[in-house]
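Sharing a model that was predicted from the sequence below.
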Amino acid sequence: MAGFFSSPVLVFSSAIALRIGLFFYGLWQDANSPMKYTDIDYYVFTDAARFVSRGGSPYERETYRYTPLLAWMLLPTTWSSTLFSFGKVLFAFSDIVAGWLIVLVLVNGKKMSMERALKFASIWLLNPMVATISTRGSSEGLLGVMVIALLWAITQKKIALAGVLLGLGVHFKIYPFIYAPSIFWWLDDEHIGSPNPAPKDGESRSLVTIAKDFLNEARMDLTVTSLLTFLLLNTLMYTKYDFPFIQHTYLHHVTRIDHRHNFSPYNTLLYLSSTSPSTHTVKLESLAFIPQLFLSAFALPLLLAKKDLPSTMLAQTFAFVTFNKVCTSQYFLWYTILLPLYLSLTSCTLLSSPRTGLLALALWVAAQVLWLQQGFQLEFLGKSTFVPGLWGAGLAFFAVNCWILGVVVKDIGNIGNIGGQAKGVGEKVTKRGAGKVVQ
């Protein structure tokens, strides 16, 4: 096994073979089974692409809630029936590219050996859940490339490129905006390698000087390039598709009340809201954003980003998905792609304590199985399992995720205390200067 992980060719060939096998199995299942392999969302994507190919709007396809960029990218699916699965190939290829970027972040950013980097990257590359979701036709692999490329660009000090990727990612799926506070906070003079001269003894600094030092060149470059990219893309789409673009790509997600296949603890309440419209001015589905955004876009970035940026991004994403009012299996990929970077920390309890790691995995899977069992009875057997079945299962899954999030946050918080700053498990830690731990 050690020889396997010492060869990038073997690891990536295996990852590609896994996806090829699942791709062709999916074609067979679609042709021979009443339960289709292809995700229903893929038909939404390809229908939207067909409307675009005819000179129309992707939003003519009901339930298309994405940027037109996705429909444009899938235009080849409209050229012939043979190319209908082009999107699945694109999404699976994106998985592979994202995996390579994970390796680059670990090798170049965390100074890890190639063999160790491949082991951690395989959590994504050889993960059956990741490969299945992309080959079923989910577009999350595309977003994964954007997110991990953003992290790679930041760690390599390519700030303008990072800004473009951040703006593109937010346009594509909204949620990557939570990374902006972490990256902005992380881009201090210490991390970008341009420290300001220390003030002389007894010398005071004016508020203007402090503000100028805080708004350094890297932070300003990131802000300007990300905003310009986001605004240019949105202006282009609005000019072409008018208000339906704003409504379906952004505003819909504020008031959406999806309750099917939703692991969220809000699931049952959203179902009740959909059956009996509320007369209250402020609706539950809007208030659900408050704890979610407080944690993922404010508290966690402020407290953890300077400890270790990649792991903080994992914690943010995990919190965002856990507290989101809609939580489906595809959303798990949002944090799975960052998981190898957190697990590589010396302070990672889930690896340093196998009992804790196995317990976390077992509870995470068991809570989903419990929910799916209740969902199966509801959707396939016609039994009403909303209360206490689905509601209780959703709360159980939420509790498990909150506990795991607590473990992750504690591990990141302990980085400075145990001298494991951004180092991989078992990696050599050196000291420079007055006892300060650095890479």
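Done, it's in. Numbers count the residues shown, from 1 in each chain.

Any regions of the stretch 101-250 of the chain where pLDDT drops low?
194-205 (pLDDT under 70).

now swap in the stretch 251-400 of the chain and tell me
Low-confidence regions of the stretch 251-400 of the chain, defined by pLDDT under 70, span residues 255-261, 273-286.

same thing but at 90, please
Across the stretch 251-400 of the chain, residues meeting the criterion (pLDDT under 90) sit at 251-289, 325-330, 347, 371-391.

Which stretches in it count as helices?
For the stretch 251-400 of the chain, the helices defined by DSSP state H, counting those that start in this stretch cover 252-255, 267-275, 284-287, 289-294, 300-304, 309-322, 332-336, 339-343, 349-352, 354-379, 391-413.

so what does the last one touch, helix or strand wise?
Yep, that's helix 391-413 we're talking about. Under the contact criterion of 3 or more Cβ pairs under 8 Å, 6 or more residues apart in numbering; DSSP states H and E, helix 391-413 touches helix 267-275, helix 300-304, helix 309-322, helix 339-343, helix 349-352, helix 354-379. Heads up, the C-betas are built off the backbone N, CA and C, glycines and all.

Ok, the longest one next?
Packing contacts for helix 354-379, counted by 3+ Cβ pairs under 8 Å, 6+ apart, involve helix 349-352, helix 391-413.

Any idea which of the ones you listed gets closest to residue 266?
Shortest distance between residue 266 and the helices and strands packed on helix 354-379, using Cβ to Cβ, is found for helix 391-413: 7.9 Å.

Contacts for that closest one, please.
Here helix 391-413 makes contact (Cβ atoms under 8 Å, 6 or more residues apart in numbering) with 262-268, 300, 303-304, 307-308, 311-312, 314-315, 318-319, 321-322, 342, 345, 347-350, 356, 360, 363-364, 367-368, 370-371, 373-374.

could you give the angle of that helix to helix 354-379?
150 degrees (axes from the mean of the first three to the mean of the last three Cα atoms, to 10 degrees).

Helix 391-413 vs helix 309-322, what angle?
Per the same axes, to 10 degrees, the angle that helix 391-413 makes with helix 309-322 is 170 degrees.

Quick check: what element follows helix 391-413 along the chain?
Of the helices and strands lying after helix 391-413 in sequence (DSSP states H and E), the nearest is helix 415-418.

mean confidence score for that following helix?
Regarding helix 415-418, the rounded mean pLDDT is 72.

Ok, stretch 41-60 next?
96.

list the buried ones in it?
The neighbour-count check on stretch 41-60 (16 or more other Cβ atoms under 10 Å) flags 41-42, 44-53, 57-59 as buried.

next one: stretch 219-232
Buried, per 16+ other Cβ under 10 Å, within stretch 219-232: 219, 222, 223, 225, 226, 229, 230.

which among those residues gets closest to residue 168?
Nearest to residue 168 out of these is residue 229 (Cβ to Cβ; 5.9 Å).

what's the spacing between the residue nearest the centre of the chain and residue 268?
In the chain, the residue lying closest to the centroid (Cα atoms, centre = their mean) is residue 334, at 2.4 Å. Separation of residue 334 from residue 268 (Cβ to Cβ, to the nearest Å): 24 Å.

Can you tell me which of the buried residues of stretch 41-60 is closest to residue 157?
Of the buried residues of stretch 41-60, the one sitting nearest to residue 157 (Cβ to Cβ) turns out to be residue 45, at 35.5 Å.

Leaving out chain neighbours, which residue sits closest to that closest one?
residue 74 (5.5 Å; Cβ to Cβ, 6 or more residues apart in numbering).

Next, work out how far apart that neighbour and residue 170 are.
Counting by Cβ to Cβ, the gap from residue 74 to residue 170 is 21 Å.

can you check residue 321 too?
Residue 321 is 17 Å from residue 170, by Cβ to Cβ.

between residue 74 and residue 170, who's got more neighbours?
Remark: of residue 74 and residue 170, residue 74 carries more neighbours, 27 against 22, as counted by other Cβ atoms under 10 Å.

just the helices in the stretch 1-150 of the chain please.
2-5, 8-32, 40-53, 68-73, 86-104, 114-125, 128-135, 140-155.

Please identify the deepest-packed of the ones you listed.
Scoring those by mean neighbour count under mean count of other Cβ atoms under 10 Å gives helix 140-155 as the most buried, with a mean of 24.

and that helix, what does it pack onto?
helix 86-104, helix 128-135, helix 159-173, helix 179-186, helix 309-322, helix 332-336.

who touches the last one?
It refers to helix 332-336. Counting by Cβ under 8 Å, 6+ apart, 123-124, 127, 129-130, 133, 138, 140-141, 143-144, 147, 175, 314, 317-318, 320-321 sit against helix 332-336.

If we use 6 Å, what do you get?
For helix 332-336, the external contacting residues (Cβ atoms under 6 Å, 6 or more residues apart in numbering) are 140, 314, 317, 318, 321.

Next, count neighbours for the third one.
When you say that, I think you mean residue 317. Residue 317: 26 neighbours (other Cβ under 10 Å).

Can you give me the separation between the nearest residue to it once chain neighbours are set aside and residue 48?
Excluding the flanking residues, the one nearest residue 317 by Cβ to Cβ, 6+ apart is residue 335, at 4.1 Å. The gap separating residue 335 from residue 48 is 27 Å, by Cβ to Cβ.

Reformat the contacts of helix 332-336 as TSV; add distance to residue 9.
Below are the contacts of helix 332-336 laid out as TSV (distance: Cβ to Cβ, whole Å):
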residue	distance to residue 9
140	26
314	28
317	30
318	32
321	34
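
show me what contacts the residue lying closest to residue 19 once chain neighbours are set aside?
Counting by Cβ to Cβ, 6+ apart, residue 92 is the residue found nearest to residue 19 once chain neighbours are left out, at 4.3 Å. Taking Cβ under 6 Å, 6+ apart as the criterion, residue 92 is in contact with 19, 134, 135.

Of the residues you listed, which is the nearest to residue 13?
Using Cβ to Cβ, those come closest to residue 13 at residue 19, 11.1 Å.

Would you enumerate the residues in contact with residue 181?
Listed by Cβ under 6 Å, 6+ apart, the contact set of residue 181 reads 297, 301.

and if we set it to 10 Å?
Residues in contact with residue 181 (Cβ atoms under 10 Å, 6 or more residues apart in numbering) are 296, 297, 298, 299, 300, 301, 302, 305, 312, 316.

cool, and residue 18?
Contacts of residue 18 by Cβ under 10 Å, 6+ apart are 92, 95, 125, 126, 127, 128, 130, 131, 132, 135.

Tell me the pLDDT of the closest residue to residue 52 other than its chain neighbours.
Of all residues not flanking residue 52 in the chain, residue 71 sits nearest, at 4.9 Å (Cβ to Cβ, 6+ apart). The predicted structure scores residue 71 at 97 on the pLDDT scale.

Correct me if wrong: residue 71 contacts residue 65.
No. Contact criterion Cβ atoms under 10 Å: residue 71 and residue 65 do not qualify, at 11.6 Å.
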